[in-house]
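**Q** from the sequence below, what's the structure:
(one chain, ligands or ions: 2)
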Amino acid sequence: MTSVPIPGSKSLTARALFLAAAAEGTTILRRPLLADDTEAFAEGLERLGYPVERGPEHWRITGRRGGPAAGSADIYCRDGATVARFLPGLAATGRGTYRFDASEQLRRRPLGPLTEALRQLGVSVRHQGAEGHLPMELVADGVKGGEIVLDAGLSSQYLTALLLLGPLTAEGLRITVTGLVSVPYVEITMAMMRSFGAEVTRDGDVFTVAPGGYRATEYAIEPDASTASYFFAAAALTGREITVPGLGRGALQGDLRFAEVLGEMGARIRMTDDDTTVTGTGVLRGITVNMRDISDTMPTLAAIAPFASGPVRIEDVYNTRIKECDRLEAAAGNLRRLGVEVATGRDWIEIRPGAAPVAAEIACHRDHRMAMSFSVTGLRTPGITLDDPGCVKKTFPQFHQVFRELRTAWRL
Ligand SMILES: O=C(O)C1=C[C@@H](OP(=O)(O)O)[C@@H](O)[C@H](O)C1
Ligand SMILES: C=C(OP(=O)(O)O)C(=O)O
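**A** Ligands and ions are numbered 1, 2, ... in the order given. Predicted coordinates for the structure are as follows:
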């Protein structure tokens, strides 16, 4: 049995940073993720005037009611969509002019539904380049609140941003949502808002947030369940066993359901209150699976699918086309490089296992998940290389070292 300590959740760290900044007083975050996305988030907060003291084990954030202390700020989001989508909501509660920009990759990703919603709330948002994309400038004068309508069919992050903003408005928010994807991330948001003292409810498509702000607290970040998927997949693929401590029953992250998908394919899964263990059994059946709720794990499954005993079809994942890259085409392209038969449609991918995959260079498209997913394939196909191994820094800078240690322990 191998136990792998997985770094903190990107999604929980980003939310906790927002909540800590908006709460009066000092919040301690235990085991936050130290990676590019969360570093960009912390840097953004500092530019808005919220001090973030970063230690290796915990971060201390000094929060403030009434919006950012800074009357103007330039925030560079790097590749982090959570930064670009959550922080404008916090900036909107201030009084001043706030500019957001990002890498070319993140500039391409859509922001329009969020900026439309902010405009419905009276915030002035001006996109400097293409409408609905970074860079943008926001002129803020506090947010009164009220009723808005939001299309969250491309990303749940727009809804999370507005929910997080809700308690900071004068009158609260009532958001009617259409087309919601990635629902478990919204559940994470609501649970964490409650941990910081806010009132938020859902009734079907309508989310209601009471005014009243947040309370500072001490908060422990769970290990990242999307990151854990590579290690669970590795065990399932090689007949080994892996335990991830800190992710058990009651964990907030939907992506832990990926372990259940491996279970349906033939791996053995054991979940306790404290951890999850996946044991490879030598059986990896084909499967048809809807991954709308857990689409960050689509590339993980696609990368081990060539070793299944039948076709693997992953459905309802249109929004993976607008992540760090077009993940449906990137996964398909890489599988073809390995000699695997694969087809894609608007919102699905189907992998048809045949002869064993052959060695090839993987095109990462600067997408950490391409790099980490196809590293798992490499456990069974010697000679797979990555054209950009460094792109893992977005969420897991030490990935290759940890993975190498795992290979050594497993003699692979
Ligand atoms: O809210 C979050 O922390 C996230 C939501 C998901 O995005 P979408 O809602 O855009 O699918 C997920 O893919 C992303 O990695 C993190
Ligand atoms: C889609 C992802 O990130 P982002 O927060 O930039 O959307 C991801 O981590 O897979």
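
**Q** CA only for contacts and neighbour counts going forward, please
**A** Fine.

**Q** spell out, range by range, the helices that occur in the stretch 201-350 of the chain.
**A** 225-238, 257-265, 298-304, 327-337 (DSSP state H, counting those that start in this stretch).

**Q** and those: which comes nearest ligand 1?
**A** Closest of the helices of the stretch 201-350 of the chain to ligand 1 is helix 225-238, at 8.2 Å (criterion: C-alpha to the nearest ligand atom).

**Q** give me the mean pLDDT for the closest one.
**A** For helix 225-238, mean pLDDT is 98.

**Q** stretch 73-83 too?
**A** On average, stretch 73-83 scores 98.

**Q** kindly report the same for stretch 330-337.
**A** Stretch 330-337 comes out at a mean pLDDT of 98.

**Q** of the helices of the stretch 201-350 of the chain, which is nearest Arg109?
**A** helix 327-337 (13.0 Å; C-alpha to C-alpha).

**Q** okay, the closest one in CSV with CA atoms only?
**A** Extracted as CSV, the C-alpha positions of helix 327-337 are listed here (Å, rounded to 0.1, in the frame of the first residue of the first chain):
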residue,chain,number,x,y,z
ARG,A,327,-9.4,19.4,-23.9
LEU,A,328,-11.6,17.1,-26.0
GLU,A,329,-9.4,17.8,-29.1
ALA,A,330,-6.1,17.8,-27.2
ALA,A,331,-6.9,14.5,-25.5
ALA,A,332,-8.0,13.0,-28.9
GLY,A,333,-4.9,14.3,-30.7
ASN,A,334,-2.6,12.9,-28.1
LEU,A,335,-4.3,9.5,-28.1
ARG,A,336,-4.0,9.4,-31.9
ARG,A,337,-0.2,10.2,-31.5
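
**Q** show me what that helix is packed up against.
**A** In terms of contacts (3 or more C-alpha pairs under 8 Å, 6 or more residues apart in numbering; DSSP states H and E), helix 327-337 is packed against helix 298-304, strand 341-345, strand 348-352, strand 361-362, helix 368-377.

**Q** just put the ones you listed in JSON lines and tack on mean neighbour count, distance to ligand 2 and mean pLDDT.
**A** JSON lines is the format used below for the helices and strands packed on helix 327-337 (neighbours: other C-alpha atoms under 10 Å; distance: least, C-alpha to the nearest ligand atom, whole Å; pLDDT from 0 to 100):
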{"stretch": "helix 298-304", "mean neighbour count": "26", "distance to ligand 2": "9", "mean pLDDT": "99"}
{"stretch": "strand 341-345", "mean neighbour count": "16", "distance to ligand 2": "19", "mean pLDDT": "98"}
{"stretch": "strand 348-352", "mean neighbour count": "22", "distance to ligand 2": "17", "mean pLDDT": "99"}
{"stretch": "strand 361-362", "mean neighbour count": "19", "distance to ligand 2": "17", "mean pLDDT": "98"}
{"stretch": "helix 368-377", "mean neighbour count": "26", "distance to ligand 2": "6", "mean pLDDT": "98"}
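
**Q** mind putting those in CSV, distance to Thr208 included?
**A** Below are the helices and strands packed on helix 327-337 laid out as CSV (distance: least, C-alpha to C-alpha, whole Å):
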stretch, distance to Thr208
helix 298-304, 31
strand 341-345, 36
strand 348-352, 33
strand 361-362, 45
helix 368-377, 34
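
**Q** how about the residues of the stretch 201-350 of the chain by ligand 1?
**A** When proximity is defined by C-alpha under 6 Å from any ligand atom, the stretch 201-350 of the chain lies next to ligand 1 at Asp296.

**Q** so which residues of the stretch 51-200 of the chain form helices?
**A** Using DSSP H, counting those that start in this stretch, helices in the stretch 51-200 of the chain cover 81-91, 104-107, 112-120, 157-165, 183-195.

**Q** want to throw the ones you listed into CSV with distance to Ala371 and mean neighbour count?
**A** Formatted as CSV, these follow (distance: least, C-alpha to C-alpha, whole Å; neighbours: other C-alpha atoms under 10 Å):
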stretch, distance to Ala371, mean neighbour count
helix 81-91, 19, 26
helix 104-107, 16, 18
helix 112-120, 29, 20
helix 157-165, 23, 26
helix 183-195, 23, 19
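
**Q** setting aside sequence neighbours, what's the nearest residue to the closest residue to ligand 2 within the chain?
**A** As assessed by C-alpha to the nearest ligand atom, ligand 2 sits closest to Ala81 within the chain, at 3.8 Å. Once flanking residues are discounted, Ala81 sits nearest to Leu106: 6.8 Å by C-alpha to C-alpha, 6 or more residues apart in numbering.

**Q** list the contacts of Ser30.
**A** I think there's a mix-up here, since residue 30 is Arg and not Ser. 57-59, 218-221 (C-alpha atoms under 8 Å, 6 or more residues apart in numbering).

**Q** burial of the closest residue to Ser124 other than its chain neighbours, as a residue count?
**A** Counting by C-alpha to C-alpha, 6+ apart, Ser124 lies nearest to Val139, which is 5.2 Å off, once chain neighbours are set aside. Residue neighbour count, defined by other C-alpha atoms under 10 Å, stands at 20 for Val139.

**Q** so Val139 bridges to which residues?
**A** Beta-bridge partners for Val139, by DSSP bridges, are Thr97, Ser124.

**Q** give me the contacts around stretch 251-264.
**A** So stretch 251-264 is contacted by 184-185, 187-188, 191, 222, 224-226, 228-229, 232-233, 236, 247, 268-269, 278, 284-285, 287, 289, 293-294, 296-297 (C-alpha under 8 Å, 6+ apart).

**Q** measure it end to end?
**A** 20 Å (C-alpha to C-alpha, to the nearest Å).

**Q** just to revisit the earlier point, can you give me the distance of the residue nearest to Ser124 to ligand 1?
**A** 24 Å (C-alpha to the nearest ligand atom, to the nearest Å).

**Q** quick one: name the residues of the stretch 1-150 of the chain near ligand 2.
**A** Going by C-alpha under 6 Å from any ligand atom, the residues of the stretch 1-150 of the chain near ligand 2 are 80-82.
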